[in-house]
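Student: Need the 3D shape of this:
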Amino acid sequence: MKKEKGGHLKTILQSSITESLLSALAAIVIGLLIGFVILMICNPSQAVGALGTIITGGMGLTGVTSALARICYYGMPLIMCGLSVGFAFKTGTFNIGASGQYWVGAFAAILTAHLLADSCGRFTWVVALLAATAAGGLWALLPGLLNAYRNVNIIISGIMMNYIGTYMVSILIKSFDFLYSAASGSTVGIPEQAILPKTGLDQLLPVRGGSGANIGILIALVTGVIVYIVLNRTTFGFELCTCGANRYAATNAGINGERSIVLAMVIAGALAGLGGGLVYLSSTGVHLTVTDTVNGTGFFGIAVALLGMCNPIGIVIAGLFVSFLQVGGNNLQIFGFSSEFIDVIVAVIIFSCAFAERLRKLYRCLLYTSPSPRDGLLS
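Tutor: I've put the predicted structure just below:
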């Protein structure tokens, strides 16, 4: 039988991956265009240059290697918190407590680094990352238990745990004299054994004053692949996703719904906690501060998860993309714009992603002669 001409291309164009990718790209383009309009309103003479810096990640100003090193550094927490939120979404829960888990994980990593530096030697950073992962998972355990066994709203409990984690870490930092610097109101530097190894990335991406690129970005990328395999290629992941799609149907099929919810939250919290450990063991001059303000990295994870369509591989790409925009946006002051302006543009892009499903249906309408009833384009 003669194969239909262009059959392979048609199959690719009709695939769900292509639909998701093109709809996400369309949302990004729409967001950038709206952002450009806002730039034009604020400062027309500098708008083109500012947009160019954002699109190129500031590489024309700081250099390619410097920009890439910063993208890797800023991308680590975004990817990990995005995976945390995305994993919870895929399994039917909403992990809005990623910020608290991230903060608690960071503190656990720093405390472990100081306590076990002499006994663990060059493996201190490994043990500290394991401690961060465990702390993040344990911090997410309570909201999971309350939701699974007492049907407590997981959004409310997650938000409350963010504040509890923030205040608790501030109290604990002051409680350990070897951690706290009264002059700066933050933690002191970590032992050399606990600093994440560069694995040659500092030579591949050299930066004057020291490169922030280290093994952390490789751990984040590998974690994304592992999460994808767990969700899509294992029985355990299938059970979690099934419970997330319909908890009661999954229970009738013999799946323990309560156990699935708790495990999903613990794994999501562990991912966020690991993200905190990766950032604060990088020795880039960033320290945990005594604060009463919830860290915003976990909330950025929600944006990254949405932009990546909650697909682990998509989340990795989205995390690097948002990091790319942030690095470019840090140079906006040169053009007379506040560096926080990039947050507005990222927010517009994420807002545009809310229309991704409509964009996907429009794509189907353009691909086929007429929309199929399941598309519900006009509904």
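Student: Could you count how many residues lie near the nearest residue to residue 215 once chain neighbours are set aside?
Tutor: Among residues not flanking residue 215 along the chain, residue 199 sits closest, at 4.7 Å (CB to CB, 6 or more residues apart in numbering). For every residue, glycine as well, the C-beta is placed using N, CA and C. Residue neighbour count, defined by other CB atoms under 10 Å, stands at 14 for residue 199.
Student: any idea what residue 199 is structurally, helix, strand or coil?
Tutor: coil (DSSP: H, G, I helix; E, B strand; the rest coil).
Student: just checking, next helix/strand downstream of the host helix or strand of residue 237?
Tutor: Using DSSP states H and E, residue 237 maps to helix 235-245. Downstream of helix 235-245, the next assigned helix or strand under DSSP H and E is helix 247-252.
Student: before we move on, back to that, for the helix holding residue 237, buried residues please.
Tutor: Residues 237, 239, 240, 241, 242, 243, 244 are the ones in helix 235-245 that count as buried (16 or more other CB atoms under 10 Å).
Student: again with stretch 259-279
Tutor: 260-279.
Student: Would you mind measuring from the residue nearest to residue 215 to residue 219?
Tutor: From residue 199 across to residue 219, the span is 10 Å (CB to CB, to the nearest Å).
Student: and if you look at residue 244?
Tutor: 26 Å.
Student: Ok, residue 236 next?
Tutor: 21 Å.
Student: pLDDT weak spots in the stretch 1-150 of the chain?
Tutor: 1-17, 19-20 (pLDDT under 70).
Student: Run through the helices of it in chain order.
Tutor: 7-14, 16-42, 44-55, 59-62, 64-90, 98-120, 124-150 (DSSP state H, counting those that start in this stretch).
Student: Including distance to residue 225 and mean neighbour count, could those go into TSV?
Tutor: Formatted as TSV, the helices of the stretch 1-150 of the chain follow (distance: least, CB to CB, whole Å; neighbours: other CB atoms under 10 Å):
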stretch	distance to residue 225	mean neighbour count
helix 7-14	22	11
helix 16-42	16	16
helix 44-55	28	18
helix 59-62	27	17
helix 64-90	10	26
helix 98-120	20	25
helix 124-150	17	23
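Student: Kindly reformat the ones you listed as TSV and extend each row with distance to residue 315.
Tutor: TSV is the format used below for the helices of the stretch 1-150 of the chain (distance: least, CB to CB, whole Å):
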stretch	distance to residue 315
helix 7-14	22
helix 16-42	11
helix 44-55	21
helix 59-62	24
helix 64-90	4
helix 98-120	12
helix 124-150	17
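Student: Which one of the ones you listed lies nearest to residue 189?
Tutor: Checking the helices of the stretch 1-150 of the chain against residue 189 by CB to CB gives helix 98-120 as the closest, at 9.7 Å.
Student: so what's residue 327 up against?
Tutor: By CB atoms under 8 Å, 6 or more residues apart in numbering, residue 327 lies in contact with 57, 58, 67, 70, 71, 74.
Student: Which one of these is nearest to residue 96?
Tutor: Checking the contacts of residue 327 one by one against residue 96 (CB to CB), the nearest turns out to be residue 74, at 21.7 Å.
Student: list the contacts for that closest one?
Tutor: Contacts of residue 74 by CB under 8 Å, 6+ apart are 323, 326, 327.
Student: quick one: which of the residues you listed sit in helices?
Tutor: 323, 326, 327 (DSSP state H).
Student: Against residue 247, how distant is the first one?
Tutor: Right, the one you point to is residue 323. Distance from residue 323 to residue 247, by CB to CB: 35 Å.
Student: higher neighbour count, these two?
Tutor: Per other CB under 10 Å, whichever of residue 323 and residue 247 has more neighbours is residue 323, with 24 against 17.
Student: show me what contacts that one?
Tutor: 70, 71, 72, 74, 75, 78.
Student: go again using 10 Å as the cut-off
Tutor: 57, 70-79, 217, 300, 304 (CB atoms under 10 Å, 6 or more residues apart in numbering).
Student: Tell me the one of the residues you listed nearest residue 85?
Tutor: After measuring the contacts of residue 323 against residue 85 - CB to CB - the closest member comes out as residue 304, at 7.5 Å.
Student: Which helix or strand contains that closest one?
Tutor: helix 297-307.
Student: Any buried residues in that helix, and which?
Tutor: Buried, per 16+ other CB under 10 Å, within helix 297-307: 297, 298, 300, 301, 302, 303, 304, 305, 306, 307.
Student: Show me how far that helix is from its chain's centre.
Tutor: 5 Å (CA atoms, centre = their mean, to the nearest Å).
Student: And the helices in the stretch 151-300 of the chain?
Tutor: So, for the stretch 151-300 of the chain - with DSSP H, counting those that start in this stretch - the helices run 154-175, 201-204, 215-233, 235-245, 247-252, 257-280, 297-307.
Student: got CSV for those helices, with mean pLDDT and distance to residue 147 too?
Tutor: Output for the helices of the stretch 151-300 of the chain, formatted as CSV (pLDDT from 0 to 100; distance: least, CB to CB, whole Å):
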stretch, mean pLDDT, distance to residue 147
helix 154-175, 96, 4
helix 201-204, 87, 40
helix 215-233, 96, 20
helix 235-245, 92, 12
helix 247-252, 85, 11
helix 257-280, 96, 6
helix 297-307, 90, 18
